[in-house]
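*Asks:* what follows is a predicted protein model with its sequence.
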Amino acid sequence: MVKYLYELFKEARPRQVLKNLSLYTGLVFSGWLFQFDKLVTVTLAMIYFSILTSRVYILNDIVDLKSDKKHPYKKNRPIASGRLPVEVALFVCLGGFFISFALGWGLSFFLFLTMLAYFVLQVIYTNFLKHEPIIDVMIISLGFILRVYAGALVIGAHINVWLLLCIISFALFLAIGKRRSELTLLQGKIGSRKVLGRYPEKLLDIYTSMFANTTWLTYTLFTFMFPAFSFSGKALTLLNDLPKTFRSEKWLMLTIPLVIYGVMRYLHLIYEKNEGESPAKILTSDKPMLITVGVWGLLVVGILYGLN
């Protein structure tokens, strides 16, 4: 039993929980991060959504069992390797779906609808659209958008249109980068990943470049269009002492270089080290990326909450 619990934990891909941190987007950029009731509400929504997404990963591996056995890396997953019986995985999977939907309904009807939409989308993707080029990465992007809106809906937060466009571009950038790395890693053994055979290498390079550019450009426009900061007290005194060259009401633009570096670093990992196959792994193992994301997060919180 203990052995199965460990294998279930691995099968649920705990690293992928990082994606669900996107539920905090609306909370952070609405200026409500330190409002305890809203923070707790979004945290609960993130936990419930994580239960759902982890079960979706298990369901996906059950459906893809035959192809995963032929995959050079996925064949080592608990279900594909036979270490976790399909019956046990399916039971936990179905139980998790019921629990997550019940909890979501109890917290917010709109959260429940968003979770249901995500589930239906993933079922359609796994069974019908997984091998359709372009559509496959667009569905992955839509999954990120649903996460962002799930977090926003439970607290009634507004999502800036430029931030939304940035999220869409970023999600597509990660998805295309994943495909590009998979193409390199499999080295012609694309039988286990049929959709890769329909993505010419040069086309993936074009897509990667396109969404790398739109990611930082839309983020730049978001920071520029973000409401100006109004200062008072010590902050105003400090700003008055600065030369006019450095006076600005668009302090969020200070984070742009970090986003540009993050995009360039990810491209470096895709093309130089062939490590883009798992974005979550990069965020937890690549030190330069970890430092960049950490500094970006501290700057955003410091600017949004420290200067106002």
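*Replies:* Arrived safely. Residues are numbered from 1 along each chain as shown.

*Asks:* pLDDT below threshold where in the stretch 101-250 of the chain?
*Replies:* Per-residue confidence for the stretch 101-250 of the chain (pLDDT under 70) gives these ranges: 185-195, 228-249.

*Asks:* and the strands in it?
*Replies:* Shown for the stretch 101-250 of the chain, no strands are assigned by DSSP state E, counting those that start in this stretch.

*Asks:* all helices of it, in order?
*Replies:* Remark: helices of the stretch 101-250 of the chain, listed N- to C-terminal, are 109-124, 135-153, 161-186, 201-225, 233-240; assignment by DSSP state H, counting those that start in this stretch.

*Asks:* the closest residue to Gly31 other than its chain neighbours: what's it in contact with?
*Replies:* Nearest residue to Gly31, sequence neighbours excluded (CB to CB, 6 or more residues apart in numbering): Leu304, at 6.3 Å. C-beta: built from backbone N, CA, C; applies to glycine. By CB atoms under 8 Å, 6 or more residues apart in numbering, the contact set of Leu304 is 28-29, 31, 33, 252.

*Asks:* what lies in contact with stretch 137-147?
*Replies:* Residues lying outside stretch 137-147 but in contact with it, judged by CB under 8 Å, 6+ apart, are 19-20, 22-23, 49, 114, 117-118, 121-122, 124-125, 129, 164, 167-168, 170-172, 174-176, 179.

*Asks:* using CSV, list the CA coordinates for that stretch.
*Replies:* C-alpha atoms of stretch 137-147 as CSV (Å, rounded to 0.1, in the frame of the first residue of the first chain):
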residue,chain,number,x,y,z
VAL,A,137,-0.5,23.8,-28.1
MET,A,138,-3.5,26.2,-28.2
ILE,A,139,-5.4,23.9,-25.8
ILE,A,140,-2.4,23.8,-23.5
SER,A,141,-2.4,27.6,-23.5
LEU,A,142,-6.2,27.7,-22.8
GLY,A,143,-5.5,25.5,-19.7
PHE,A,144,-3.3,28.3,-18.4
ILE,A,145,-5.9,30.9,-19.0
LEU,A,146,-8.6,28.9,-17.2
ARG,A,147,-6.2,28.7,-14.2
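
*Asks:* ok now that stretch, how far from the chain's centre?
*Replies:* Going by CA atoms, centre = their mean, to the nearest Å, the spacing between the C-alpha centre of stretch 137-147 and its chain's C-alpha centre is 9 Å.
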